[in-house]
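Student: below: sequence and its predicted model.
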Amino acid sequence: MITVGLASFAKPNNSTRIAAASNFTNYNGVLVEPCSIMKPLIKFEGVQVWNYNYAYISQFSRYYFIDDYYTENGFWYAQMTVDVLASFKTSIGSSTQYIERAANKQNAYALDMFYPTTGDFTETVQTVTSTTVDDFSDGCFALNVTGASDDIVATYMCPYADFKKVLKALYACGSDPDSWLNLGQGLINSIFDPMKHIGSVIWFPNCWWMSGWAIEANAVTSLFIGLWALTGTGDDAFKIYKVPGLLHNSKTVTFPKHPQAATYGKYLNLEPYSRYLFRDPVFGDIQLNASKMIDTASADFHKYTDPATGQQLIILPDGQYRTAQAGFLIPMENNSLNVGGLLSSVGTAAAGLITGDVTSVVAGSLGAVTNFVQPVTTVTSQSGSLISHCVEEKLVGQFWKTSSQYPARFGKLYCTQAAINTVSGYVKCKDAHWQNNKAFADEIQMVEAYLNGGMFYE
């Protein structure tokens, strides 16, 4: 005779869950020989046992699923199969395995490809600077000049309105009647064309990134160019600013996150689920390295500008950097001074700048538009065209969603070596190895198969 505890108990076959002791009712049974401990056949006499589906045999220290009953000659026979996960729960729980997936633990940075990516796409666009360019009045000008001041070469910057006044003062010096009373002095002035002392004039369409040049301590109201000392009076008085070197500015930008990342894991902030593009009028679209932005809530974009050359350097939050020509070179050479009709003869480009006629500047600047800017970008470029400066500077976040996830049933990526009893619910291991000196070889294989295939530790 053998004592068998019988119970009605619902559980998955791949679960370590154990029925409470109070659920079992003990009956006396007989082992039918030949007997297997893993798959015993038990005979019961005089009792109706067919409504039970679970068993415990203390003599074998094992729990069993009851596969089926059959009756013969008034006896009920129960066919059983060992429940290895319940029988060896403690040993399994204390074993250390490489846990690949778990229901209640996650490596949020591990790329989980179990759930397919869908076509459900969202895009977040954040404006970094809202400045767009319509004409010259939107920008600022840098003049690189040689003269009789303390500096042999100097760079000055001013807004459009003051630049027009500087040009008027520059050509007004050639129309001074007193200068022409002495033909020799007039001849000298005509030979020493003031334009020859302007090394270059560079127009920067977007001055936001260059804030910091208009420093009152560096402001001047007169300018030395070659032999000329320029000073505007009355309504033509100008103010320009001497620029000591490189200009720097930065912008702090908030980075959007994948809409499912908070629920399913930070890995969704990585490619191929997330992509970040910095859209810039000068540099075009630059794709940022999403892996370096995974924990970044906000970051700084830095720009350094050389007003003497028009070159600009951008340093991105992921460590990338790019250089490009941000300033538009305005040709000022090949102008013939004329006393009688000064503005109409100083050259189409300069006259257009003074009057504000952009079309005349472009038409008269010997390819000025096509030589203005040559951005270096990773995605797109509006090289050679003012059209790019009609686009606002933006940070674009593009996100592709995954299908609905079911971690209670399939877990999340954990990818950690740990004891099984440190997790709960669904758990799946990789290449599990389990040992127990009271388990048979087939039972060890069964436990390892459950660990590798996915089971519930509960």
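Tutor: Arrived safely, thanks for sending.
Student: show me where the stretch 201-350 of the chain has helices.
Tutor: Remark: helices assigned in the stretch 201-350 of the chain by DSSP state H, counting those that start in this stretch are 261-264, 342-345, 348-355.
Student: list the contacts of the closest residue to G454 other than its chain neighbours.
Tutor: Distances taken as Cβ to Cβ, 6 or more residues apart in numbering place K428 nearest to G454, at 4.2 Å, with adjacent residues excluded. For glycine as for every other residue, the C-beta is placed from the backbone atoms N, C-alpha and C. Contact analysis of K428 by Cβ atoms under 8 Å, 6 or more residues apart in numbering lists I99, E100, R101, A102, G411, L451, N452, G453, G454, M455.
Student: which residue comes closest to the fifth one once chain neighbours are left out?
Tutor: Taking Cβ to Cβ, 6+ apart as the measure, G411 lies nearest to R101, with 3.4 Å between them; neighbours along the chain are not counted.
Student: quick one: buried residues of the helix or strand where L170 lies?
Tutor: L170 is part of helix 160-172 when elements are defined by DSSP states H and E. By neighbour count on 16 or more other Cβ atoms under 10 Å, the buried set for helix 160-172 is Y160, D162, F163, K164, K165, V166, L167, K168, A169, L170, Y171.
Student: what does stretch 226-245 give?
Tutor: By 16+ other Cβ under 10 Å, the buried positions in stretch 226-245 come out as G226, W228, L230, G232, F238, K239, I240, Y241, K242, V243.
Student: next one: stretch 112-131
Tutor: Neighbour-count burial for stretch 112-131 flags D112, Y115, T124, V128, T131 (criterion: 16+ other Cβ under 10 Å).
Student: for the fourth one, give me its contacts.
Tutor: Under the criterion of Cβ under 8 Å, 6+ apart, the contact partners of V128 comprise K251, V253, F278, F301, E392, E393, K394, L395.
Student: tell me the spatial nearest neighbour of it, not counting adjacent residues.
Tutor: Nearest residue to V128, sequence neighbours excluded (Cβ to Cβ, 6+ apart): E393, at 4.3 Å.
Student: so that neighbour makes contact with F283?
Tutor: No. With contact defined as Cβ atoms under 8 Å, E393 and F283 do not form a contacting pair (9.6 Å).
Student: worst mean pLDDT across the helices and strands of the chain, which element?
Tutor: Among the helical and strand segments of the chain, the one scoring lowest on mean pLDDT, DSSP states H and E is helix 342-345, with a mean of 32.
Student: low pLDDT regions in the stretch 101-250 of the chain?
Tutor: Within the stretch 101-250 of the chain, the stretches with pLDDT under 70 are 130-136, 147-152, 173-196, 208-212, 227.
Student: what does the helix or strand T71 falls within rub up against?
Tutor: Of the helices and strands defined by DSSP H and E, T71 is found in strand 62-72. By Cβ under 8 Å, 6+ apart, the residues outside strand 62-72 that reach it are 6, 13, 18-19, 37, 40, 49-50, 52-57, 76-83, 86-87.
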